[in-house]
Structure formats: C-alpha cells, structure tokens
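>>> Mind looking at a prediction? Sequence and model below.
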Amino acid sequence: MANDIIGRPVWPPEIEITGWGRYPASPARVFPVQSTAEPGQVLKARRGKSLLGRGAGRAYGDAALNRSNFCLDFTPYNRFIGFDEQTGILRAEAGVTLEQILGVFVPRGWFLPVTPGTKYPTLGGSVACDVHGKSSYSLSHYVERLHMLLADGSYVTCSAENLPDLFWATVGGMGLTGLILEVELKMMRIETCLIKYQGVKARNLEEIFQLFEETEEWPMTVAWIDCLARGKNLGRSIMMRGAFARQNELKSIAQHSRARSVPNKGKLAIPFAFPAWSLNQLSVAAFNTCYYGKHPRCLNTIMDYDSFFYPLDSILQWNLIYGGPGLVQYQFLIPLEQGFEGVKTLLEEISATGRASFLAVLKKFGNIQNPGMISFPAPGYFLALDFPIGKGGILKHMDQWDKLVLKYGGRIYLAKDARMKQESFNAMYPRLNEWRAVKQKYDPENVFNSDLARRLGLEVKLGG
C-alpha cells in the first residue's frame, strides 16, 4: 500500500465492480495484492472497513463484492512456489489461475484434479467456492493445506489435521473466515491430456437419469438439457461423458503429437452487450432444437481437454450475450433419494414459465460426503441454468423455485447466487450454525465481509 508524504496510507478510489453475471454492481476500493506483506498492511490500515479477497471475479453474483468497503485483488499474486513430483502436491499463491496451472503442468503429465466449466478462476477463489465440475468430487477433497491471514493479523497454516475447524469452514466458505494466501493442491497424473469422449442422446428425463446410472466407467459426466422441452420430451438431453485417454488409445500421429500439448485455439470475442430481447423463448427453443437434432444418437471420439471441459472459454465475454442488465444463474442440488422427482418438478415449473436458458447443465454427484461446512457439493443431482435478468421478473420465479428446492431437501450454490433470501439459505445448509461458530471464533468483528454475507446473514453478531 502506498503512503503520502507524511506516511498516511493512500487508498485507491472507489470503483463499481460486478461478478461474472454483471448483476448486481457494487462500489468498493480495490487494492491489488503483489506481495505477502500487502494484505497485512491493508488489514492494519483499514480504519473500520471490512476486507474481502477477490480473484478473477468469476463468481456470478455478489460473492466477490463488498459495498463501500475494501476488496483485495489477488490476481497479481500469482507465483508458483513449489511442486513435488513424487506426491503431485503443488504449492502456489492464491492468484494463480487454473489456466496458468494447466499451461505449466499439462506438458509435464499432470492435470487439475477438479475443474469447473471455465479455466479462468484463481486458485484461491476456487477453494473459497469449493468448485466442482464433471467428476464426482469437489476441489476441497484435493486441498492439502491452506496458508491464511486471519482477522487478528496472524498467519496460519490449516488442513484437515491442523486447525480442521478453520479448514472446513474456509473451503466453500466464500472468503469470510480469512484471506487465503497460498494453496497446496494434490494434482492428478495423466498419460495424455486428450479426452476419450462419448456423447449419447436421451429422449427425456427418464432416459438421462438411466444414463447417469450407467456411467461407472466414465469418471467425468455431465448432461446438456433442453429446459424448454415439455410433455413426453421433458428433460431431453445429451449425455457428455469422458475419461483421459491413455497412450494406447490414441489412433493417429496427430493425436500422439497432441498428447501433452496445451490447446492454442483462436477465440471469438463478444464486442458489446446484446439487446435484452435477443435471448427469448423462440430463439432459445430454435437453438435447443438444432443442437439436439444435429447430435448423433451416439458419438465416440477423441478431443482436446479445452473442448471437453471449457467450451465456453472459446468465446471471450460471452456473458454479454445476455444483454446490458446482466444474467443470473439458478444452480440447485437435490439429494439422491429425491433426485428424479425433484428435478422433474423443477423442470416442469421452469419450462412452464417460458423462461429461456440455452446453457442448462445436469450433473450427478456420487454418494461422497463433503466435510465443508457450507460447501455446495453433496450427494445428489444438480441443475444449472442461466437467465437474462431483463426487467427483473425472473427473480420472482426463482423465489418460488426456492420453495420447491427446500421441499426436496436441496440447496442453492452460493458462488452462482445473486438473490436468495436469508430464510431459504438458513434452511438449506444444516451445518450453518457450526460454520457461524467458527466465524465467531476466528473473526468476531466481521473483518472479512461481503455483499453476499450481508444479504444472507453470514455476519456474526458483534459481542455475541
């Protein structure tokens, strides 16, 4: 942090920032972090302002916003510190992006153990959101240690064995327990970075659920789903499943030459926000019909990892497609035992509104418990849908959908949420009081705060 001529800290001007959804917007003073000492300096000079670590801003809603307070931008804090070839444990600063990790380690035969649908988030932000992807685990299952700065100015290292309460409150804790400075992550060894892919059409929800039961040999699965289909076609989908190809499964010289190559593709860029009416029921229905119709009944191929994991990363600023007001994502999870009935009921309700989402993803998490106190991933089925905010009417629909999610014992993903009410949140996360006790223990004065925390009542009661 810079000082003026008499030694007083100079704060950067307040600017308006958003998440990836571009809704809502919130003003804050943003401090770029370039050294280990700087977060501590801001902490000492905060003068009653709260702090929030911020990565690449890829959370959709208000998770990385801190209205009229301080945000610490960790994207310049992005060095690799060490890597153990025997254990596969990488130690890196929190601002390193997933793309940077892949660029260094794919040629060496290593890959991220879990990755979301974009490679642009930072490592620290990914831990704070406990990201998930096409595999059955979330990222927290592979985090060995976290190096953090706490509210009292102390630097600590926590893990599942050391300070486990802090560790399991921090993974998925949305940055509210302290600042993640460094992460130790267990990487995954691969023979090749190419993906053996199979795409299978499902005519309705019954078929896609059956396909999810038949995917044991495929460690990575997800389904695109037509959320506007109704009647006998409700839930028509394309199952997309993959596994890292082995060397003996590659079939050409070209594939062997790309076995450990980082894809280097050209990218399209959306130059401006589309008109708000661009994405409507007719345009999305046409896209869904075309996309489903052109896909073969069953497609088997070998593809690069970018095409499998990160198809949307090929379009820069694709969020502008949703129009000037921005977009909101509705991502919910229904427990396994209620999965089919819950997803079916929600799909019927969503389809009946005529609200259009051409990005609709269905995923199954296996029966693997997650120790993260307020982490989203849990055994069950999740569905993620993106909607243009438009004039705001979609938010009222989502309030009604929340009631159905609660009816089936489900929950909403905080990293993608921008509007859930506190009462719904309290009912969705059974370990919330346990998390609050950890927050009270390590941050009793709410030094670390966010717009999301204020909206959902995640602040501790001062003096409580």
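Perfect, thanks for sending it. Numbering: from 1, shown residues only.

>>> Please compute how far stretch 420-433 lies from its chain's middle.
The chain centre lies 19 Å from the centre of stretch 420-433; the measure is Cα atoms, centre = their mean, to the nearest Å.

>>> Kindly check the end-to-end length of that stretch for me.
In stretch 420-433, first residue to last residue: 18 Å (Cα to Cα, to the nearest Å).

>>> contacting residues around it?
373-374, 398-399, 402-403, 405-406, 410-412, 435, 455-457 (Cβ atoms under 8 Å, 6 or more residues apart in numbering). Where C-beta positions appear, they are placed from N, C-alpha and C, glycine not excepted.

>>> State the pair within those residues that is farthest apart.
The distance between the two most remote of the contacts of stretch 420-433 (Cβ to Cβ) is 25.3 Å, for M373 and D399.

>>> Those two: which has the busier surroundings?
When M373 and D399 are compared for neighbours, M373 comes out ahead with 25 against 12, by other Cβ atoms under 10 Å.

>>> L166 - nearest residue in space that isn't next to it in sequence?
C158 (4.6 Å; Cβ to Cβ, 6 or more residues apart in numbering).

>>> So what sits opposite that neighbour in the bridge?
When assigned by DSSP bridges, C158 has beta-bridge partners L146.

>>> Look up how far W11 lies from it.
Distance, C158 to W11, by Cβ to Cβ, to the nearest Å: 30 Å.

>>> Looking at those two, which is more packed in?
Taking neighbours as other Cβ under 10 Å, C158 and W11 compare with C158 leading, 24 against 16.

>>> How about the contacts made by the more buried one?
R145, L146, M148, P164, L166, F167, T170.

>>> Try it again at 10 Å.
Contacts for C158 (Cβ atoms under 10 Å, 6 or more residues apart in numbering) come out as 145-148, 150, 164-171, 177-178, 180, 442.

>>> same question, F111
Counted by Cβ under 10 Å, 6+ apart, F111 has contacts I101, L102, F105, M187, M188, R189, I190, T192, C193, F244, Y305, F309.

>>> Just give the nearest non-adjacent residue to R79, would you?
Per Cβ to Cβ, 6+ apart, closest to R79 is E93, 5.1 Å.

>>> okay, and for the chain, where does confidence drop off?
Along the chain, segments meeting pLDDT under 70 span 1-9, 276-277, 356, 358, 391-392, 463-464.

>>> Now do the domain split for it, please.
Domains of the chain are assigned by automatic domain parsing as 1-190+429-459, 195-419.

>>> okay, these, which one's buried deepest?
domain 1-190+429-459 (a mean of 20; mean count of other Cβ atoms under 10 Å).

>>> Just give me how far it sits from the chain centre.
Worked out by Cα atoms, centre = their mean, domain 1-190+429-459 lies 13 Å from the chain centre.

>>> Check whether D417 really touches W401, as I assumed.
No. Counting by Cβ atoms under 10 Å, D417 stays clear of W401, with 12.0 Å between them.

>>> Give me the common contacts of the two.
In contact with both D417 and W401: Y330, F332, using Cβ under 10 Å, 6+ apart.

>>> can you tell me how far F80 sits from V183?
11 Å.

>>> Give me the nearest residue to the residue nearest to the spatial centre of the chain, chain neighbours excluded.
Central residue of the chain (Cα atoms, centre = their mean): V131, 4.6 Å from the mean position. Spatial nearest neighbour of V131, chain neighbours left out: P116 (4.3 Å); criterion: Cβ to Cβ, 6+ apart.

>>> Got phi/psi on that neighbour?
Backbone torsions for P116, taken as degrees, to the nearest 10, come to phi -80, psi -170.
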